[in-house]
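[1] need a 3D model of the following:
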Amino acid sequence: MKEVLRSMLRISELDSRILKCLLEDGRDSFADVAEKCGVTKNKVWKRYKAMEKKGIITGATIQVNFAGLGYDAVATLLVSVDAQQIDNVIQKIGETREIRVYRHYNSAYNVRGVTILRDLSELDHVKEVMRRRIPISGLKTYIWTGVKNIPQNLKLRPKGEIAERKHSQTLEPALRKQINETRVDELDWEIVNKLTLNGRTSFNKIAHEIGTSTDTVVKRYHKLKEKGVIKVLIQINLNRLGYQALLDFNIASVSSVSLSGITESLESIPDVVVITKTSGDYDLQVTAAVRDVEQMFALQEEIAKVPGITKIETSSRRIPDAWPTPQQHISTY
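    Now for the predicted structure:
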């Protein structure tokens with residue numbers, strides 16, 4: 001605990017506003033951020049560079065709507081394995097296919113994976129392969145039906161200030177239709193891959209590296225952004241800001257209460273950063289960042305009070321050094 005406290009850095013109100021702006025749009029120029037924050041461009045540049053030097057800002061990446069890239073679905077895999085086999089299983093799952101794997105704590109399902117599927121029928125194949133190759137004792141899968149990814153909902157303001165409610169990016173039905181009709185080619189994929197590694201890379205550098213014109217890269221980027229296929233955002237080290245863990249909540253609700261109403265209530269809670277609608281035993285999977293045990297209990301109690309929630313299962317996992325991780329799913333509702 002003392003080591004965590006020593007590594008924790010306090011940030012100013014302006015630092016907080018800069019981070020929130022760049023978690024909304026990671027390609028905003030310093031001039032854009034300065035206008036939103038009501039300060040000079042030079043001041044924003046100095047604060048940004050200072051946070052980079054301190055290890056608070058660690059990079060930039062993109063969120064992706066996989067439907068716009070030709071994928072049919074996203075699914076969560078909850079896996080139960082013997083404690084002695086966890087490291088081996090995590091390694092094997094990561095080698096099986098494109099699955100992002102996390103270690104879960106305080107849960108019967110101690111490994112969690114997220115996979116993207118070209119076709120829903122692939123899920124049965126994934127489950128079959130996992131059961132055949134991996135020593136698992138339990139497996140649950142949930143198909144995502146919608147996601148709200150709101151990293152800007154972190155409570156980064158100095159202690160004592162009231163957290164502002166942040167609205168997530170919402171895609172109207174017409175825009176979702178446009179996403180499904182979007183066709184991407186190899187050049188689009190090259191741009192996506194470059195922005196995944198560094199979302200703030202200059203268009204000129206990307207153009208040079210993939211062998212095309214800067215104008216082409218700019219046009220392709222804006223097409224993908226306007227269609228809601230990608231969104232650039234900065235990455236930060238949450239541990240440097242005092243956060244110690246990510247909590248995952250599996251939530252079931254009663255049918256008489258609107259799921260959208262429950263989602264709106266959850267979205268208003270500071271430090272809730274992802275809300276995913278799912279099919280199966282649970283209706284929602286919620287992720288929150290927490291600073292300590294006291295906040296963990298308070299957050300669980302606040303979620304439990306939301307009208308319509310009937311069951312909650314909670315687990316925890318470590319925070320990666322660079323968060324959000326590359327190619328998380330962009331908001332779809």
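[2] just give the nearest non-adjacent residue to residue 24, would you?
    Excluding the flanking residues, the one nearest residue 24 by Cβ to Cβ, 6 or more residues apart in numbering is residue 152, at 5.2 Å. (Each C-beta comes from the backbone N, C-alpha and C, glycine too.)
[3] number of nearby residues for that neighbour?
    Using other Cβ atoms under 10 Å, residue 152 is surrounded by 20 other residues.
[4] I figured it hits residue 22, correct?
    No: in this structure, residue 152 is not within contact of residue 22 by Cβ atoms under 8 Å, at 9.0 Å.
[5] can you give me the strands for the stretch 101-250 of the chain?
    111-117, 136-149, 230-236, 245-253 (DSSP state E, counting those that start in this stretch).
[6] deepest of the ones you listed, which one?
    strand 230-236 (a mean of 24; mean count of other Cβ atoms under 10 Å).
[7] who touches it?
    19, 22-27, 56-65, 151, 169, 192, 195, 199-200, 221, 224-225, 322-324, 330 (Cβ atoms under 8 Å, 6 or more residues apart in numbering).
[8] and residue 51, helix, strand or coil?
    helix (DSSP: H, G, I helix; E, B strand; the rest coil).
[9] per-residue confidence for it?
    The model reports residue 51 with a pLDDT of 97.
[10] ok, residue 233 next?
    Reported pLDDT for residue 233: 97.
[11] wouldn't residue 191 be in contact with residue 223 here?
    No: applying Cβ under 8 Å as the test, residue 191 and residue 223 come out as separate, 9.9 Å apart.
[12] show me the shaky parts of the stretch 1-150 of the chain.
    1-8, 97 (pLDDT under 70).
[13] quick one, helices of it?
    Using DSSP state H, counting those that start in this stretch, the helices of the stretch 1-150 of the chain run over residues 2-7, 13-24, 30-37, 41-53, 86-96, 121-133.
[14] so which of the ones you listed is the most surrounded?
    When you average the neighbours per residue for each of the helices of the stretch 1-150 of the chain (mean count of other Cβ under 10 Å), helix 13-24 leads with a mean of 20.
[15] check which helices and strands it sits against.
    Counting contacts by 3 or more Cβ pairs under 8 Å, 6 or more residues apart in numbering; DSSP states H and E, helix 13-24 packs against helix 30-37, helix 41-53, strand 57-64, strand 230-236.
[16] export the ones you listed to TSV and tack on distance to residue 265?
    Shown next, in TSV, are the helices and strands packed on helix 13-24 (distance: least, Cβ to Cβ, whole Å):
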stretch	distance to residue 265
helix 30-37	27
helix 41-53	32
strand 57-64	23
strand 230-236	24
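[17] and of those, who's closest to residue 143?
    For the helices and strands packed on helix 13-24, proximity to residue 143 was assessed by Cβ to Cβ; strand 57-64 is nearest, at 17.4 Å.
[18] how near is the residue nearest to residue 24 to residue 116?
    Computed as Cβ to Cβ, to the nearest Å, the residue 152 to residue 116 distance reads 24 Å.
[19] likewise for residue 71?
    Residue 71 is 5 Å from residue 116, where distance means Cβ to Cβ.
[20] quick revisit: turn the helices of the stretch 1-150 of the chain into a markdown table, columns for distance to residue 300.
    A markdown table is the format used below for the helices of the stretch 1-150 of the chain (distance: least, Cβ to Cβ, whole Å):
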| stretch | distance to residue 300 |
| --- | --- |
| helix 2-7 | 21 |
| helix 13-24 | 25 |
| helix 30-37 | 34 |
| helix 41-53 | 31 |
| helix 86-96 | 24 |
| helix 121-133 | 30 |
